[in-house]
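Trainee: Here is the input, now give the coordinates:
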Amino acid sequence: MSRIYEVARRNKIKDPNQLIQAINRAINGLNPPIAAFIIGSLARGEFVMGMSDIDLVVIVSGEPPHLGLG
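Mentor: Just a heads-up that it's a prediction; the model follows:
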C-alpha cells in the first residue's frame, strides 16, 4: 500500500484513494477474489497519471465471467 501512496504523491494526486478506488472498480463484480496483485509500472513505482494504465492479476474462485473476447 505504501507504494500506491508514494506514486500518488509523486503524481500530485490529492487523494491517493483514487488509485485504490480504480482498482476496486476493476475487480468489482468478479467472482469473490481470492487475491489481487498489482504489476507493471504501478508496482515498480513508475506510474504516471494520464499515461500509465493499472495492471492487475486477480485470482478468483470458480469460473471467470465470459468477457466476450473470443
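
Trainee: what about the longest helix in this protein?
Mentor: The residue-count maximum for a helix in the chain (DSSP state H) belongs to helix 17-27.

Trainee: between the next helix or strand after that one and helix 17-27, what angle do the directions make?
Mentor: Scanning forward in sequence from helix 17-27 by DSSP states H and E, the next helix or strand is strand 33-39. Inter-element angle recorded for strand 33-39 and helix 17-27: 130 degrees (by axes from the mean of the first three to the mean of the last three C-alpha atoms, to 10 degrees).

Trainee: helices or strands next to strand 33-39 in the packing?
Mentor: helix 17-27, strand 55-60 (3 or more C-beta pairs under 8 Å, 6 or more residues apart in numbering; DSSP states H and E). (C-beta placed from N, C-alpha, C; glycine too.)

Trainee: Please report the distance of the residue positioned nearest the centre of the chain from E63.
Mentor: In the chain, the C-alpha nearest the mean C-alpha coordinate belongs to I23, at 3.6 Å (C-alpha atoms, centre = their mean). Separation of I23 from E63 (C-beta to C-beta, to the nearest Å): 22 Å.
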